[in-house]
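Novice: Mind folding the following:
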Amino acid sequence: MWVHGASVGESLTAAPIVARLRSARPDVQVVHSFSSPSAADWPAPFPRAYADYLPLDEPGPAGRVLDAVLPSLVMLARGDLWPEFLWQAGARDIPVTLVGASVRPSSLRLRFPVSRLYADALRNVRWIGAATSNDACRFERMGAAGSRVRHTGDPRHDQVLERIIDLTSLRGLERWAAQGPTLVAGSVERADEAVLLAAAATVLDGSPDARLLIVPHQPGAATVERIQAQARARGIPATVWTPTSEGAPAARCVIVAARGLLSDLYALGTLAYVGGGFRRGTLHATIEPAAVGLPVLFGPYWETSADAAALVRTRGAAPLGGRKPAQVLAATWQRWIGNERERWETGLSARASLAHGAATRTAPRLLRFLG
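Specialist: Modelled structure (predicted):
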């Protein structure tokens, strides 16, 4: 079985489905492909016999790799569709399926002439499990046959709800977070930094026990140094933490310089901030903090995220407006610190926005293609 997830999030989407398929068919070997360097550096989300980048979307490379692997089934996660790859798979009668399928309402794939290209390619996709009913409709608009499209739900929800939290390497941070209410700011982008630190200057000054854990989306040395300098300029002493750090940090602001820990780090929090919401279409995963029952904050551009919209609808999140976002962030942060009942109710509403069962609905469909 060939499993393709463009980046980390897409690969994690496939993980609960792969687990169910391997439980039913232990003889299945998994080849894992990706398009993003972030997935290449990430710990494997499921057992695999081989992993590498997806071949170039040209007839020669795509065809040669398909001939070499000869998969019984290709499973694509979310919506990373490469037309030549699909055509080459169709020419070899290799079943291609799409799971947790999603396409944004503003996607160019829905507009002519790009839609014509994808309509031809989608003829080679045997089955599509759509994350939402709106996604199912959009794939039909793209040209997928209605008989091949089903609304299954989002397997990423299964992944975060079923995931076992591991704090083994986080004991120092666990002791640090236990000393006061902690905001875990995950997947922080450059556009989030100034707003987040301006709010922190207010909250940390007014609440002596409050603390801030910053997890950059790209935790390279230059990024970590920039955030630390910005914090220092606002009078916030900040220290850098890695899994090799010993003991609990001394500063009340900590910057995590490591990848692959964010899902576990949210479990240390009292509330969460998710980065990426200050640019359209780039808000990062809100379901990870929701899975551990944290109330969630994020920037003003969230409408294109179905998960963020569900959080807002269930009152599990408080999106920042476009005007004075730092002040709104500080005020909400302080309110949730001071009002435990509201904080718990908001966190439980966040968790209630998640729906379990998509992987269980998807796996039997794919087993039929495996024979």
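Novice: Number of residues surrounding Pro71?
Specialist: Per other CB atoms under 10 Å, the neighbour tally for Pro71 reads 19. Yep, even glycine has a C-beta here, placed from its N, CA and C like the rest.
Novice: actually Ala14, not the one I wrote
Specialist: For Ala14, the neighbour count with other CB under 10 Å is 29.
Novice: and what of the one 10 residues further on?
Specialist: Ala24 is flanked by 12 other residues according to other CB under 10 Å.
Novice: mind listing what it touches?
Specialist: Applying CB atoms under 8 Å, 6 or more residues apart in numbering to Ala24 gives the contacts 363, 367.
Novice: any idea how far it is from Pro113?
Specialist: Using CB to CB, to the nearest Å, Ala24 is found at 42 Å from Pro113.
Novice: quick one: which helix or strand includes the closest residue to His157 other than its chain neighbours?
Specialist: Closest residue to His157 apart from its sequence neighbours, by CB to CB, 6 or more residues apart in numbering: Leu354 at 4.6 Å. Here Leu354 sits in a region with no helix or strand, counting by DSSP states H and E.
Novice: you'd agree Leu354 is up against Val160?
Specialist: Yes - assessed by CB atoms under 8 Å, Leu354 is found in contact with Val160 at 7.1 Å.
Novice: Strands along the stretch 201-350 of the chain, start to end?
Specialist: 211-216, 238-241, 253-256, 271-274, 296-298, 317-319 (DSSP state E, counting those that start in this stretch).
Novice: And the first one, how far out from the chain middle?
Specialist: Relative to its parent chain, strand 211-216 has a centroid offset of 18 Å by CA atoms, centre = their mean, to the nearest Å.
Novice: what sits up against it?
Specialist: For strand 211-216, contacts defined as CB under 8 Å, 6+ apart pick out 173, 176-177, 179-188, 196, 200, 203-204, 223-224, 227, 236, 238, 252-257, 261-262, 265, 268-269.
Novice: try it again with 7 Å
Specialist: For strand 211-216, contacts defined as CB atoms under 7 Å, 6 or more residues apart in numbering pick out 177, 180, 182-188, 200, 204, 223-224, 227, 252-256, 262, 265, 268.
Novice: Could you pick out the buried ones from those?
Specialist: Among the contacts of strand 211-216, the ones that count as buried by 16 or more other CB atoms under 10 Å are 177, 182-188, 200, 204, 223-224, 227, 252-256, 262, 265, 268.
Novice: Of the residues you listed, which belong to helices?
Specialist: Counted as lying in helices by DSSP state H, out of those, are 177, 200, 204, 223-224, 227, 262, 265.
Novice: between those residues, which is closest to Ile128?
Specialist: Leu262 (29.1 Å; CB to CB).
Novice: ok, that closest one - contacts?
Specialist: 186-187, 215, 288.
Novice: pLDDT added to these, as CSV?
Specialist: Shown next, in CSV, are the contacts of Leu262 (pLDDT from 0 to 100):
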residue, pLDDT
Gly186, 98
Ser187, 96
Val215, 98
Glu288, 97
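Novice: Quickly check the residues you listed for the two that are furthest apart.
Specialist: Taking CB to CB, the two most distant members of the contacts of Leu262 are Val215 and Glu288; they sit 10.7 Å apart.
Novice: Just give the closest residue to Gly146, not the sequence neighbours.
Specialist: Closest residue in space to Gly146, ignoring its immediate chain neighbours: Glu140 at 5.3 Å, by CB to CB, 6+ apart.
Novice: element containing the one you found?
Specialist: In this assignment (DSSP H and E), Glu140 forms part of helix 133-142.
Novice: Now do that helix: everything it contacts.
Specialist: Around helix 133-142, the neighbours that count as contacts under CB under 7 Å, 6+ apart are 101-103, 109-110, 115, 118-119, 122, 128, 130, 146, 149, 151.
Novice: 6 Å instead?
Specialist: 101-103, 109-110, 115, 118, 128, 130, 146, 149, 151 (CB atoms under 6 Å, 6 or more residues apart in numbering).
Novice: cool, and stretch 342-354?
Specialist: In contact with stretch 342-354 (CB under 6 Å, 6+ apart) are residues 157, 290, 293-296, 310-311, 314-316, 336.
Novice: what's around the residue nearest to Gly146, how many residues?
Specialist: Look at Glu140: counted by other CB under 10 Å, it has 16 neighbours.
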